[in-house]
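# Task: produce atomic coordinates for the following.
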Amino acid sequence: MLALALVGLLIFFHEWNQHTVMLADRLPLVVISTMHGYGPGVMLGGVTGCLLFLLYFFYRCVLKKETSFFKKAEKALAMLMLASLLVLFGGNFLIASHRRSQADQAGYVSCPMTTLLSNRITMEVWVHNESLCYDNDIRHLVQRGTIEEVQQVQQHLVARQKQQDARQRFLQQEQLSRNDG
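Below is the predicted model of the structure:
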């Protein structure tokens, strides 16, 4: 039980760190997942549920009697389970709002829901250049919203810029050769 809570915390903090790094790296596109905002409530509810089950099993099946401690602990754990529901939904709202405001402060703009990752209801795509929301190449690259896809988008945009720069230099050389000739 403790191991599951620890793994859940590690996953939550890894995802939190990944989001912070994506914003700090000023990537052209970031994906905000609201699913991980449920993590604290799920972990609290899971630990509380396991403790409630162990308490119930110990007092009902092993000791086969109820004590005043059992009744007080059962009531406290039931209240904690209800609190975990509040943390589940309230925490998700607060974490998602915090991430959206961080992206907004970093200069990102949210893509409309029907453009990129339209099949992922817990993910939002934020971009620096709103035209990326409607770019078919970007749409083909971003399918699941992973960090690897975000890095592929960055590489694709760098390659596209190099290609445009080379085309521009070629056209300038052509123009100069026509003017000289």
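
# all strands for the chain, in order.
29-33, 109-110, 123-127 (DSSP state E).

# so which of the ones you listed comes closest to Arg60?
strand 29-33 (40.0 Å; Cβ to Cβ). (C-beta placed from N, C-alpha, C; glycine too.)

# and that closest one, which strands flank it?
strand 123-127 (antiparallel) (DSSP bridges).

# What is the least confident helix or strand in the protein?
helix 2-24 (a mean of 75; mean pLDDT, DSSP states H and E).

# before we move on, back to that, mind putting the strands of the chain into a markdown table with distance to Leu82 and mean neighbour count?
Below are the strands of the chain laid out as a markdown table (distance: least, Cβ to Cβ, whole Å; neighbours: other Cβ atoms under 10 Å):
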| stretch | distance to Leu82 | mean neighbour count |
| --- | --- | --- |
| strand 29-33 | 26 | 23 |
| strand 109-110 | 33 | 15 |
| strand 123-127 | 29 | 22 |
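
# Output those strands in a markdown table, with distance to Ala73 appended to each entry.
Below are the strands of the chain laid out as a markdown table (distance: least, Cβ to Cβ, whole Å):
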| stretch | distance to Ala73 |
| --- | --- |
| strand 29-33 | 36 |
| strand 109-110 | 46 |
| strand 123-127 | 40 |
